[in-house]
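Trainee: Provided below are the primary sequence and the corresponding predicted coordinates.
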Amino acid sequence: MSVRENLEYIKKTVKTAARECARAPETIKLVAVSKNQPLEKITEALECGHRLFGENRVQEALSHWRDLKSRTPGLLLHLIGPLQTNKVKEAVALFDMIETLDREKLARALSKEMKKQNRPIPCLIQVNTGHEEQKAGIPPDQLPAFLNFCRTECHLDIRGLMCIPPVDDPPALHFAFLKKLASENGLEELSMGMSADYEKAIPLGATYIRVGTALFGQRP
Ligand SMILES: *Cc1c(COP(=O)(O)O)cnc(C)c1O
């Protein structure tokens with residue numbers, strides 16, 4: 001299957017899932033996850049008119065996108081992987097949304113760098129909904145305090161929440177939980193659902209779905 005065919009299939013699936021839960025399909029935005037994919041695949045998606053992409057590593061994103069971005073009007077890039085504070089400068093210069101804000105030190109560093117570059121990028125807070133030791137994201141019970149910190153101390157533009165459910169859990173439990181956390185905290189955007197489960201994330205309120213392999217094929 002070509003990227004074009006996959007893209008059409010995903011859009012159709014999103015539309016159907018949205019109709020079934022009475023949501024407007026355009027409220028669900030497809031983040032095309034291009035990490036580890038060859039440039040030809042990215043080019044193919046761009047030729048189809050797709051403009052929203054996600055990368056999980058700053059260095060790789062730079063090599064994929066530094067030149068492409070300036071040549072592609074309307075292009076939007078999301079950072080969907082962990083961000084080290086020593087990469088904040090490059091991240092702020094390149095990305096249009098940080099989906100993985102999860103600690104005070106990072107919030108401070110982002111805030112400082114955004115001011116310096118005069119580039120206030122919207123952020124999502126990553127929540128560790130499965131309380132997994134090794135996984136990024138803030139513990140759910142710390143969300144209200146962290147959100148308050150990001151806004152009042154760091155003046156960051158926090159739009160919503162993001163999660164990556166544990167591999168062995170039914171994802172819908174985590175999607176529903178993230179939705180509940182967002183409502184309780186007055187947040188609009190929900191980044192949840194990947195290739196295997198984006199359909200399930202739609203009735204539970206996803207506004208961003210992050211799809212890699214279903215769009216580009218297996219990562220080499
Ligand atoms: C790789 C990745 C995805 C995409 O995963 P697929 O299963 O290939 O769709 C989504 N979100 C994050 C955070 C990722 O790292």
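Mentor: That came through, no problem.
Trainee: quick one, phi psi at the nearest residue in space to residue 166 that is not next to it in sequence?
Mentor: Spatial nearest neighbour of residue 166, excluding adjacent residues (Cβ to Cβ, 6 or more residues apart in numbering): residue 130 at 3.7 Å. (Each C-beta comes from the backbone N, C-alpha and C, glycine too.) Main-chain torsions, residue 130, degrees, to the nearest 10: phi -100, psi 10.
Trainee: mind checking how far residue 130 is from residue 81?
Mentor: 17 Å (Cβ to Cβ, to the nearest Å).
Trainee: ditto for residue 106
Mentor: The gap separating residue 106 from residue 81 is 13 Å, by Cβ to Cβ.
Trainee: Just the closest residue of the protein to the ligand, please.
Mentor: For the chain, the residue closest to the ligand is residue 212, as judged by Cβ to the nearest ligand atom, at 2.7 Å.
Trainee: Residue 8: neighbouring residues, count only.
Mentor: 13 (other Cβ atoms under 10 Å).
Trainee: same question, the one 4 residues further on
Mentor: A count of nearby residues for residue 12, using other Cβ under 10 Å, gives 11.
Trainee: tell me the phi and psi of it?
Mentor: Phi and psi for residue 12, reported as degrees, to the nearest 10, are phi -70, psi -40.
Trainee: do the one 3 residues further on as well
Mentor: Main-chain torsions, residue 15, degrees, to the nearest 10: phi -60, psi -50.
Trainee: What residues of stretch 121-134 count as buried?
Mentor: By neighbour count on 16 or more other Cβ atoms under 10 Å, the buried set for stretch 121-134 is 121, 123, 124, 125, 126, 127, 128, 129, 130.
Trainee: Check those one by one and keep those near the ligand.
Mentor: Checked against the ligand using Cβ under 6 Å from any ligand atom, these yield no neighbours at all.
Trainee: mind putting those residues in CSV, pLDDT included?
Mentor: What follows is these, written out as CSV (pLDDT from 0 to 100):
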residue, pLDDT
121, 98
123, 98
124, 98
125, 98
126, 98
127, 98
128, 98
129, 97
130, 96
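Trainee: So which of those sit within strands?
Mentor: 123, 124, 125, 126 (DSSP state E).
Trainee: Wait, residue 76 touches residue 55, no?
Mentor: No: using Cβ atoms under 8 Å, residue 76 makes no contact with residue 55, being 11.6 Å away.
Trainee: Of these two, which one has the most company?
Mentor: Neighbour count, other Cβ under 10 Å: between residue 76 and residue 55, residue 55 has more, with 26 against 15.
Trainee: Check for me that residue 31 belongs to a helix.
Mentor: No: applying DSSP: H, G, I helix; E, B strand; the rest coil, one finds residue 31 to be strand, outside a helix.
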